[in-house]
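**Student:** Mind folding the following:
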Amino acid sequence: MTDAPLWTDGVLAGPFRRPHNNSSHEEGTIHDDATARRLGFRGGTIAGSIHMEQFPPLLTEAFGEDWYRTGGLSLYFRNPSVDFEPVRAFLRPTGEGRAEVWMDSEAGVRILDGTASVGTPDPDSLVRRKLRELRPAADIRMLASVQVGRSVEGVPTRIPQADINRRLAVLTEADPRFTDPAILGRTTAPLSATVHALRAVEPELFGMSEGEFVGLFGAIELLFHDGPVFADTPYLARGRVVALAETPKTEMLWYEATLTDPATGRDVVSTLHMSRLLKATSPLWS
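**Tutor:** Numbers count the residues shown, from 1 in each chain. Prediction:
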């Protein structure tokens, strides 16, 4: 089967990929087989940011190269996948620089739903709709010290080329811009590395450590304002807690973060991010 995305009945489908759980060595996390199985999962889970990597070939096929400059990708994770499990990304244009996206496993399990855009930011993206639909939290314990509205700014962050080079072995989509500076003047960062750079705000914003709970990504939206994101380039990050919520099994932490280029003062990329903290892993819920 060709690696190029294929159009069928108005839907663009990528090839099946087998992403690698490159965080399986992180003991005590949801990516660790023993921990994940103890919590009822089939095995250590693939990070949602890794699944994001399968979408750029579809997005550039549908929207062109402008997607890397002013594009958006908004994903809500439904079911986790495990190491080397075959998964496939899909895109259906909905008009005016907008599209629905989703990912299914080879067995037909829906891994994630989402929306994508280019040009004007989409105020009705899937993750923003989910945020608007939240009900007030009735009982917050693990996140009791986190304040909605708390903000931080001026957090230095960058994406070293060495980090990108380490990721090349596990990225499902090869892109010469990750390694060849001649294309754009500097090498660019994969989406998963961009998500990691935006997370630089978390220590100051939350003051919590992963050892106090086991969590997993629930939703990630990336929005390029003046992309792409370059390697070995200093950025400043700012962030704000936007919501706390809960379900019978989880507490949910929602925050926004933005990378600014200090050389130009322009916002480069932002995220709306939701993490799920599993109640079963905290003594506060035992």
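**Student:** for Gly71, what are its contacts?
**Tutor:** 59, 63, 116-118, 223-224, 227 (C-beta atoms under 8 Å, 6 or more residues apart in numbering). Where you see a C-beta, it was placed from the backbone N, CA and C, and this is true even at glycine.
**Student:** One more: Leu272?
**Tutor:** For Leu272, counting by C-beta under 8 Å, 6+ apart, the contacting residues are 74, 127-128, 131, 219-221, 223, 242, 254-256.
**Student:** Compute the number of surrounding residues for the residue nearest to Gly64 when sequence neighbours are not counted.
**Tutor:** Distances taken as C-beta to C-beta, 6 or more residues apart in numbering put Val118 closest to Gly64, at 7.6 Å, once the chain neighbours are dropped. In terms of burial, Val118 registers 24 neighbours under the definition other C-beta atoms under 10 Å.
**Student:** what do you get for Pro123?
**Tutor:** There are 9 residues near Pro123, going by other C-beta under 10 Å.
**Student:** Specify which member of the contacts of Leu272 is nearest to Phe178.
**Tutor:** Within the contacts of Leu272, distances to Phe178 taken as C-beta to C-beta reach their minimum at Ile220, with 19.6 Å.
**Student:** The closest one and His273 touch, don't they?
**Tutor:** Yes. Contact criterion C-beta atoms under 8 Å: Ile220 and His273 qualify, at 5.5 Å.
**Student:** Now for those two: what residues contact both?
**Tutor:** Between them, Ile220 and His273 share these contacting residues under C-beta under 8 Å, 6+ apart: Val195.
**Student:** Show me where the stretch 151-286 of the chain has its strands.
**Tutor:** Along the stretch 151-286 of the chain, counting by DSSP state E, counting those that start in this stretch, strands occupy 151-157, 215-224, 235-246, 250-261, 266-278.
**Student:** Ok, the stretch 1-150 of the chain next?
**Tutor:** Along the stretch 1-150 of the chain, the stretches classed as strands by DSSP E, counting those that start in this stretch are 6-8, 11-13, 71-77, 87-93, 98-105, 110-118.
**Student:** Please identify the pairing partners of the longest one and their relative orientation?
**Tutor:** What it means is strand 110-118. Partner strands and pairing direction for strand 110-118 (DSSP bridges) are strand 71-77 (antiparallel), strand 98-105 (antiparallel).
**Student:** Pick the most buried one from those strands.
**Tutor:** Looking across these with neighbours counted as mean count of other C-beta atoms under 10 Å, the highest average goes to strand 71-77: a mean of 25.
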